[in-house]
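Q: no FASTA, just this:
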């Protein structure tokens, strides 16, 4: 059997390619939309912390600044959590969060998406257990003028991107699994649809086999609208051939 010229194979492959392309494009679109939404939510949270930090900052009499109220997130107190805030007057650090421990955010790491490394000094003496914690941070920076300082103060708030990267990875895994199951279901439905849709042609084939064996004289009339004209034309052709055979028999008899 030549499957290359198979109508069923052509229908199945064309529908399968369309289904796979649609699922792939839809999956990429959903993943990008979810990432944009999560990143926007993360940036909104950083902006909220920045506004809270600026509103909680107070100038004291010693030309220094104090954060009166905490930002409300315990990760700003957890060492090396990736969530930090810092206030600078030029290159001088005035205030920093307890989570930074003995480290300082430098101005060359202020760009969004920059990387900062923090070494746990308590483990440096133990060579076997030396640990370097690398964080991929999004750092928000804003310059605010305060009375009592010659230049503007630089406020920096950072967050660890692992918070939303895990959510994105989990969403993508669920999305891929769902699309795979959906794709298999659609391919199965396409196969059944093609097989069911071509049944009338198989029915015509069986009817022609009966006519050739002398078990029937014409095709049955019960066919779908799309196939019914073909069946009618075949019946007309059979009737025409029958009349030709009868005339030939009559002519032979006369001879």
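A: That came through, no problem. Because the structure is predicted, anything quoted here is derived from the model rather than measured.
Q: Verify the contact between residue 90 and residue 153 for me.
A: No. Under the contact definition of CB atoms under 8 Å, residue 90 does not touch residue 153, with a separation of 9.2 Å. All C-beta spots, glycine's among them, are computed from the backbone N, C-alpha and C.
Q: quick one, which of these two is more surrounded?
A: Between residue 90 and residue 153, residue 153 has the larger neighbour count (other CB atoms under 10 Å), namely 21 against 13.
Q: dump the residue contacts of that one.
A: 57, 65, 87, 88, 89, 94, 143, 144, 145, 146 (CB atoms under 8 Å, 6 or more residues apart in numbering).
Q: And it, how far from residue 104?
A: Relative to residue 104, residue 153 is positioned 15 Å away (criterion: CB to CB, to the nearest Å).
Q: what do you get for residue 75?
A: Using CB to CB, residue 75 is found at 18 Å from residue 104.
Q: Residue 229 - that's part of a helix, no?
A: Yes. When classified by DSSP: H, G, I helix; E, B strand; the rest coil, residue 229 is found to be part of a helix.
Q: Please report the number of neighbouring residues for it.
A: In terms of burial, residue 229 registers 10 neighbours under the definition other CB under 10 Å.
Q: just residue 140 next, same as before
A: The number of residues near residue 140, taken as other CB under 10 Å, comes to 20.
Q: try the one 3 residues further on
A: For residue 143, the number of neighbouring residues by other CB under 10 Å comes to 10.
Q: Just confirm it contacts residue 149, I think it does.
A: No. When contacts are counted by CB under 8 Å, residue 143 is not listed as touching residue 149 (11.1 Å).
Q: Distance of the residue nearest to residue 56 when sequence neighbours are not counted relative to residue 87?
A: Closest residue to residue 56 in three dimensions, ignoring its sequence neighbours and counting by CB to CB, 6 or more residues apart in numbering: residue 69, at 4.2 Å. Using CB to CB, residue 69 is found at 14 Å from residue 87.
Q: more crowded one of the two?
A: More neighbours surround residue 87 than the other of residue 69 and residue 87, with 23 against 11 (other CB under 10 Å).
Q: give me the beta-bridge partners of the more buried one?
A: For residue 87, the beta-bridge partners under DSSP bridges are residue 95, residue 155.
Q: In contact with it, which residues?
A: With the criterion set at CB under 8 Å, 6+ apart, residue 87 makes contact with 53, 57, 65, 67, 93, 94, 95, 96, 153, 154, 155, 156.
Q: So the second one sits against residue 69, correct?
A: No. Between residue 57 and residue 69 there is no contact under CB under 8 Å: 9.6 Å.
Q: mind putting the contacts of residue 87 in TSV, pLDDT included?
A: Conversion of these to TSV gives the following (pLDDT from 0 to 100):
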residue	pLDDT
53	89
57	84
65	82
67	82
93	82
94	84
95	86
96	86
153	86
154	86
155	89
156	88
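Q: Would you format the residues you listed as JSON lines with distance to residue 7 included?
A: Listed next are the contacts of residue 87 as JSON lines, based on distance: CB to CB, whole Å:
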{"residue": "53", "distance to residue 7": "69"}
{"residue": "57", "distance to residue 7": "75"}
{"residue": "65", "distance to residue 7": "79"}
{"residue": "67", "distance to residue 7": "75"}
{"residue": "93", "distance to residue 7": "75"}
{"residue": "94", "distance to residue 7": "78"}
{"residue": "95", "distance to residue 7": "76"}
{"residue": "96", "distance to residue 7": "73"}
{"residue": "153", "distance to residue 7": "75"}
{"residue": "154", "distance to residue 7": "71"}
{"residue": "155", "distance to residue 7": "69"}
{"residue": "156", "distance to residue 7": "67"}
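Q: Most neighbours of all the residues you listed, which one?
A: When neighbours are counted as other CB under 10 Å, the busiest of the contacts of residue 87 turns out to be residue 53, with 25 neighbours.
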